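Colleague: Return atomic coordinates for the entry below.
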Amino acid sequence: MKRPRTSQKSTAKPAAKPSAKQVQLDAHREDPAGQFLTTDQGVRVASTDDSLKAGPRGPTLLEDFHLREKIMRFDHERIPERVVHARGAGAHGYFQVYKPLSALTSAGFLNDPARRTPVFVRFSTVAGSRGSADVVRDVRGFAVKFYTEEGNFDLVGNNMPVFFIQDGIKFPDLIHAVKPHPHKEIPQAATAHDSFWDFISLTPEAAHMIMWVMSDRALPRSYRMMEGFGVHTYRLVDAAGTSSLVKWHWKPLLGTHSLVWEEAQQVNGKDPDFHRRDLWEAIEGGTPVEFELGLQVVAEEDAQAFGFDLIDPTKLLPEELVPVQRVGKMVLDRNPQNYFAEVEQVAFCVGNVVPGIDFSNDPLLQARLFSYLDTQLTRLGGPNFAELPINRPIAPVHNNQHDGFSRQSIPTGAANYSPNSLGDNAPTPAPPKQGGYQHYQERLMGAVNRDRSESFKDHFSQARLFLNSMTPVERGHIIDALSFELSHCERMAVRERVVAEILAPIDADLAKRVAAAIGVAVPAGVKAPAMRTGRKGEALAAAPSLSMLSKPVAVLATRRIAILAAPGCVGAGVAALAAALAKEGATVDTVSLALGPVPSSQGPSPVATKSLLSTASVLYDAVAIGDGADHAATLSANPAALQFVREAFGHCKAIAALGAGASLLAAAGIATDPAPAGVIVATSVAAIIPRFLAALGAHRHWEREMVRSQPPGAPTR
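Modeller: Numbers count the residues shown, from 1 in each chain. Sure thing, here's the model as predicted:
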């Protein structure tokens with residue numbers, strides 16, 4: 001068929017001749033299409049999914065040149081910030097054990113209840129850069145440096161007890177996938193994009209972690225209100241050399257609480273430093289941050305007594321099977337005096353252990369033992385980073401190491417080698433009875449290989465256990481989060497694969513709901529594997545300990561409350577409300593049209609510390625509205641005040657309205673007769689205070705929540 005003629009001339013310009021610089025750059029471009037994966041030396045790689053081990057469950061071998069090269073190159077990709085955990089906040093404090101744990105470990109700081117071991121803690125996000133916001137959907141780092149009398153012990157964990165991958169050799173792949181696209185450097189600090197979900201859809205071992213990251217655990221209300229976990233299985237070794245397997249837990253005394261997704265998005269715009277500010281202000285205001293250290297202990301002979309493998313980092317040990325023993329308390333009571341010198345220069349290394357603490361053969365932990373030390377070499381400019389003030393142990397250091405970049409100490413003596421006669425062989429190795437570190441003498445058997453243990457190959461049982469353990473509200477939030485994230489994936493194939501390969505084997509209803517929201521079909525005939533979540537031969541259908549809402553902690557200390565007050569308010573009522581809340585340890589801000597004294601119709605004039613222009617409801621845990629006809633009329637005509645209470649209501653927070661203040665609720669479209677759950681209306685201060693405090697203790701009133709992302713016709717929760 002002939003094309004119709006046109007009288008218009010073509011306006012297309014001929015391709016411009018590339019510049020000399022473009023030609024030069026093109027010569028260095030590497031196109032991986034159709035190529036084999038190789039090392040830096042051009043050697044083709046046969047496997048990049050499993051590190052080289054002594055037997056399927058054995059330790060990782062140092063001779064694995066591909067692992068070392070891959071991790072080394074990854075460790076040095078970012079200058080000068082951390083590749084991961086770049087954005088953080090820190091605090092000083094101490095740890096004190098409740099009673100001696102000599103039956104488990106010879107570690108001195110775990111055996112002397114009179115000893116206060118100094119600690120420094122760094123909380124952080126993982127994926128974003130130093131300039132990203134605090135309240136993003138992400139894992140949170142929870143790293144503790146114990147300055148013990150026997151040396152430094154670093155417990156470097158997260159606020160989730162499992163991880164995405166089983167073998168550390170995959171860590172560069174995971175982080176490359178979660179980071180911004182390399183060709184356009186977006187999106188920042190977000191997983192809602194194709195590369196992340198493409199990797200997840202092809203990595204079924206990540207299924208369990210995805211449930212955690214899509215849950216409210218990824219949106220903590222505060223660093224002070226999130227659990228911490230060591231993630232891996234470690235060993236505790238007693239003075240006789242007997243080993244026990246252990247999982248580490250940090251339990252916040254304020255309870256575990258979260259934000260909701262829409263609220264978190266707004267917080268990032270209103271105050272990108274929300275978590276860092278919260279931690280600083282709590283400590284600066286004289287309220288220490290407290291966590292209890294918990295241990296789950298399993299005898300060495302029971303290492304393989306469960307339907308899952310304890311050294312698989314994608315698995316947790318349910319508290320319903322092995323309860324957490326709370327053995328001590330950590331108190332954070334001092335802020336850093338210089339962010340760079342302390343929070344930024346602190347260097348955590350998983351390999352920093354003391355006698356009585358040792359490692360398991362977890363292949364992710366084994367790679368971290370190499371990676372963390374290697375990372376600090378570039379980030380902190382050389383091998384002497386341990387001499388920086390924040391990293392120096394309180395134990396004396398004599399290591400025969402000399403020179404190098406940024407040396408802080410001045411070694412003396414005639415010899416820096418061992419053995420030597422010039423210095424009477426000092427420093428001398430210490431035998432175990434004198435505190436010398438001795439590794440646990442584990443018996444090893446197995447051929448050198450890159451195989452993955454058969455005990456690691458169940459990827460969906462614990463993902464389903466986590467989902468089954470959620471309340472209907474929490475389960476709905478997971479569905480919403482998955483729907484939001486996957487709706488940002490441009491490639492249909494990625495969305496389809498996540499539903500078919502990850503969600504459907506976890507739970508059919510989960511897959512159906514998410515698929516309906518993102519426009520894909522659920523494949524027929526996907527059979528969920530049998531659950532292996534208990535001891536061998538048994539299944540644990542649900543674990544209430546995994547839910548944040550099953551046992552809420554009604555602590556009001558450091559909760560932030562906004563009291564709305566405009567000219568004409570009843571100042572006496574505002575003062576009484578503020579006093580009652582402060583007595584419970586809450587932080588109260590009077591919010592008005594402008595800063596400064598607010599004219600009162602009765603009693604003292606309250607002083608506004610925030611204005612409706614400078615703050616928002618998402619920065620508070622609850623809202624109270626004072627009494628006074630003129631004050632209420634002014635607020636009811638103010639769009640910012642209406643938005644303030646509407647948002648608080650939509651985010652299920654407690655709201656109290658005193659006397660005429662109830663008219664602001666009516667103007668905002670919030671019923672007052674009868675009032676919804678968590679909305680307290682009363683005419684007297686005496687009547688409103690106990691009810692408001694009770695509503696605050698519940699933290700959120702989920703009965704009011706509206707389902708946002710579910711398509712029409714989908715079942716409501």
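
Colleague: which residues sit in contact with the residue nearest in space to the middle of the chain?
Modeller: For the chain, the residue nearest the mean C-alpha position is Arg140 (1.8 Å; C-alpha atoms, centre = their mean). Arg140 makes contact with 123-126, 158-159, 220, 223, 226 under the criterion C-beta atoms under 8 Å, 6 or more residues apart in numbering. C-betas here are computed from N, CA, C, even on glycine.

Colleague: What distance do you get for it to Thr125?
Modeller: Separation of Arg140 from Thr125 (C-beta to C-beta, to the nearest Å) stands at 6 Å.

Colleague: same check, this time on Ile688
Modeller: Taken as C-beta to C-beta, the spacing of Ile688 relative to Thr125 amounts to 38 Å.

Colleague: What of Asp271?
Modeller: As judged by C-beta to C-beta, Asp271 and Thr125 stand 15 Å apart.

Colleague: ok, these two, which is more surrounded?
Modeller: Shown here are Asp271 and Thr125; by other C-beta atoms under 10 Å, Thr125 has more neighbours (26 against 19).

Colleague: so that one touches Asp134, yeah?
Modeller: Yes. Using C-beta atoms under 8 Å, Thr125 is in contact with Asp134, at 6.9 Å.

Colleague: Overlap in contacts, these two.
Modeller: Contact criterion C-beta under 8 Å, 6+ apart; residues shared by Thr125 and Asp134: Arg87.

Colleague: Pretty sure Phe291 sits in a strand.
Modeller: Yes. Counting by DSSP: H, G, I helix; E, B strand; the rest coil, Phe291 is found in a strand.

Colleague: just to revisit the earlier point, and the residue nearest to the centre of the chain, how far from Glu300?
Modeller: Remark: distance between Arg140 and Glu300 (C-beta to C-beta) = 31 Å.

Colleague: Equivalent analysis for Ala640, please.
Modeller: 62 Å.

Colleague: repeat for Asp458
Modeller: According to C-beta to C-beta, Asp458 and Glu300 sit 23 Å apart.

Colleague: With neighbour numbers in mind, choose between the two.
Modeller: Taking neighbours as other C-beta under 10 Å, Asp458 and Glu300 compare with Asp458 leading, 23 against 13.

Colleague: just checking, that one touches Pro529?
Modeller: Yes. With contacts counted by C-beta under 8 Å, Asp458 reaches Pro529, the gap being 6.8 Å.

Colleague: what do these two both touch?
Modeller: With C-beta under 8 Å, 6+ apart, Asp458 and Pro529 have no common neighbours.

Colleague: State the pLDDT value of Lys53.
Modeller: Here the pLDDT value assigned to Lys53 is 94.

Colleague: can you check Ala12 too?
Modeller: On pLDDT, Ala12 comes in at 53.

Colleague: Identify the residues contacting the residue nearest to Pro505 when sequence neighbours are not counted.
Modeller: Leaving aside its sequence neighbours, Pro505 sits nearest to Phe460 (C-beta to C-beta, 6 or more residues apart in numbering; 4.6 Å). By C-beta under 8 Å, 6+ apart, Phe460 lies in contact with 204, 207-208, 505-506, 528-529.

Colleague: Repeat that for Gly537.
Modeller: Gly307 are the contacts of Gly537 under C-beta under 8 Å, 6+ apart.

Colleague: that older thread, now flag whichever of the contacts of Phe460 is closest to Asn420.
Modeller: His208 (52.5 Å; C-beta to C-beta).

Colleague: That closest one: what secondary structure?
Modeller: Quick answer, by three-state DSSP: His208 is helix.

Colleague: Kindly reformat the contacts of Arg140 as JSON lines containing secondary structure.
Modeller: Listed next are these as JSON lines, based on three-state DSSP:
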{"residue": "Phe123", "secondary structure": "strand"}
{"residue": "Ser124", "secondary structure": "strand"}
{"residue": "Thr125", "secondary structure": "strand"}
{"residue": "Val126", "secondary structure": "coil"}
{"residue": "Asn158", "secondary structure": "strand"}
{"residue": "Asn159", "secondary structure": "coil"}
{"residue": "Pro220", "secondary structure": "strand"}
{"residue": "Tyr223", "secondary structure": "helix"}
{"residue": "Met226", "secondary structure": "coil"}
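
Colleague: nearest to Asp358, of those residues?
Modeller: In terms of C-beta to C-beta, no member of those lies closer to Asp358 than Asn158, at 20.8 Å.

Colleague: you'd agree that closest one is up against Val144?
Modeller: No. Using C-beta under 8 Å, Asn158 makes no contact with Val144, being 11.9 Å away.

Colleague: what sits in contact with each of these two?
Modeller: Listed as contacting both Asn158 and Val144 by C-beta under 8 Å, 6+ apart are Gly228.

Colleague: re earlier: report the buried members of the contacts of Arg140.
Modeller: Buried members of the contacts of Arg140, counted by 16 or more other C-beta atoms under 10 Å: 123-126, 158-159, 220, 223, 226.

Colleague: Closest to Val623 out of these?
Modeller: Of all these, Pro220 has the smallest distance to Val623: 21.1 Å, by C-beta to C-beta.

Colleague: Would you mind listing the residues in contact with that closest one?
Modeller: 140, 159, 226, 256-259, 275.

Colleague: Flag the shaky bits of this structure, pLDDT-wise.
Modeller: Scanning the chain for pLDDT under 70 picks out 1-15, 25, 78-79, 707-717.

Colleague: my guess is Lys70 meets Lys170, correct?
Modeller: No. Assessed by C-beta under 8 Å, Lys70 is found out of contact with Lys170, at 9.4 Å.

Colleague: Find residues that contact each of the two.
Modeller: Shared contacts of Lys70 and Lys170, counting by C-beta under 8 Å, 6+ apart, come down to Thr48.

Colleague: Select from the contacts of Pro220 every entry located in helices.
Modeller: Applying DSSP state H to these, the entries found in helices are His275.

Colleague: which of the contacts of Pro220 sit farthest apart?
Modeller: Using C-beta to C-beta, those reach their maximum pairwise distance at Thr256 and His275, which is 14.6 Å.

Colleague: Of these two, give the one with the bigger neighbour count.
Modeller: His275 (26 against 20).

Colleague: Check the gap between that one and Ser132 for me.
Modeller: Distance from His275 to Ser132, by C-beta to C-beta: 12 Å.

Colleague: Equivalent analysis for Leu546, please.
Modeller: Counting by C-beta to C-beta, the gap from Leu546 to Ser132 is 28 Å.

Colleague: before we move on, what about Phe456?
Modeller: From Phe456 to Ser132 the distance is 33 Å (C-beta to C-beta).
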